[in-house]
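Trainee: quick one, what's the 3D model for this:
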Amino acid sequence: MTEKLIQKFLDSYDSGIVEIKLRDLLHLKEKVSTDPHIQTLFPPTEIGSITLVDQIVILCLLKILKPSVILEIGTYLGYTTSLLAINTSAAKILSIDLPNDHNSRTLNIDETQILVDPEVNDNFLRHKQANEGEKYLEYLGDSDKAKIKLIKNDSTELDFPTEIGTIDFAFIDGGHTEEIVASDTKGVFSCMKKGVIVWHDYKSGIHSGVTKYLQKQSSLKIFHVKNSLCAFSIIGF
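Mentor: You can find the predicted model right below:
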């Protein structure tokens, strides 16, 4: 029944990038899952984290797809990782981020350019992650922490099928250049036959790489939820 509802939703849209309202995704969630409960944390104030609307998009997709293995590219401070952990009962969560880099701790950041210059923004995010680590994971209970495996590696250098294995949910929020987004997406596709891919920073005011990459994927059916930075594609249905 769930697969038929998802397929019906997908069949009602053409390929390419489709703009939908959050309500459209909530309606699909209600048809697939009547469970009204979610768990969340107060929205983070840090630059680089997800908004409340982004959270609801991700949580809707978790309820709809009920994944067993989740891959996150871009752990950052661990907020989204925590969100994934507390809203899944038995899923395994793999989260990739760059290895700890002492040089990132001492970067000189021009704070006036953080929300303007994409390179300065990326340096700021690396600097903050290097100094604060995955701080949101500290709030998790032992059972939720046990679901998570942190992988400290450059995602563009990973052999995804060998080192990641089979996945059915992916959240791509790592490097922001078009080349890195393309590499990360290729890696995800090599591990996923059926599931959902969520890209963050679509239509970002700072980073254009995700938008440029997705706008070239004419063979995919991609949904952008208005007023969010999330675009997603459900594959294998």
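
Trainee: per-residue pLDDT, H102?
Mentor: On pLDDT, H102 comes in at 60.

Trainee: how many other residues sit next to T88?
Mentor: Using other CB atoms under 10 Å, T88 is surrounded by 19 other residues. Glycine gets a C-beta too; all of them are placed from N, C-alpha and C.

Trainee: is it fair to say it lies in a helix?
Mentor: No: assessed with DSSP: H, G, I helix; E, B strand; the rest coil, T88 is coil; it does not lie in a helix.

Trainee: got the contact list for stretch 131-147?
Mentor: The contact list for stretch 131-147 (CB atoms under 8 Å, 6 or more residues apart in numbering) reads 41, 44, 75-79, 81-82, 85-86, 88, 90-93, 105, 148, 150.

Trainee: now, those residues that are in helices?
Mentor: Y79, T81, S82, A85, I86, R105 (DSSP state H).

Trainee: got any ranges where this structure has weak pLDDT?
Mentor: By pLDDT under 70, the low-scoring segments of the chain are 102-104.

Trainee: need phi/psi at the residue nearest to the spatial centre of the chain.
Mentor: Taking CA atoms, centre = their mean, the centroid of the chain lies closest to F171, which sits 2.5 Å from it. Per-residue torsions, F171: phi -120, psi 110 (degrees, to the nearest 10).

Trainee: same deal with K216?
Mentor: Dihedral angles of K216 (phi, psi; degrees, to the nearest 10) stand at phi -90, psi -10.

Trainee: how much space between it and K135?
Mentor: Per CB to CB, to the nearest Å, K216 is found 36 Å from K135.

Trainee: how about R23?
Mentor: R23 sits 33 Å away from K135, taking CB to CB as the criterion.

Trainee: more neighbours: those two, which one.
Mentor: Using other CB under 10 Å, the more surrounded residue of R23 and K135 is K135, with 16 against 10.

Trainee: for the helix or strand hosting W199, C-alpha coordinates in PDB please.
Mentor: Counting by DSSP states H and E, the element that carries W199 is strand 195-200. Listed next in PDB are the C-alpha coordinates belonging to strand 195-200 (Å, rounded to 0.1, in the frame of the first residue of the first chain):
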ATOM      1  CA  GLY A 195      15.100   5.100  -1.300                       C
ATOM      2  CA  VAL A 196      15.400   8.900  -1.100                       C
ATOM      3  CA  ILE A 197      18.200  11.400  -1.600                       C
ATOM      4  CA  VAL A 198      17.900  14.800   0.100                       C
ATOM      5  CA  TRP A 199      20.200  17.600  -1.000                       C
ATOM      6  CA  HIS A 200      20.600  20.600   1.300                       C
END
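
Trainee: listing partners with orientation, what would you give for it?
Mentor: Using DSSP bridges, the strands paired with strand 195-200 in its sheet are strand 169-172 (parallel), strand 230-235 (antiparallel).
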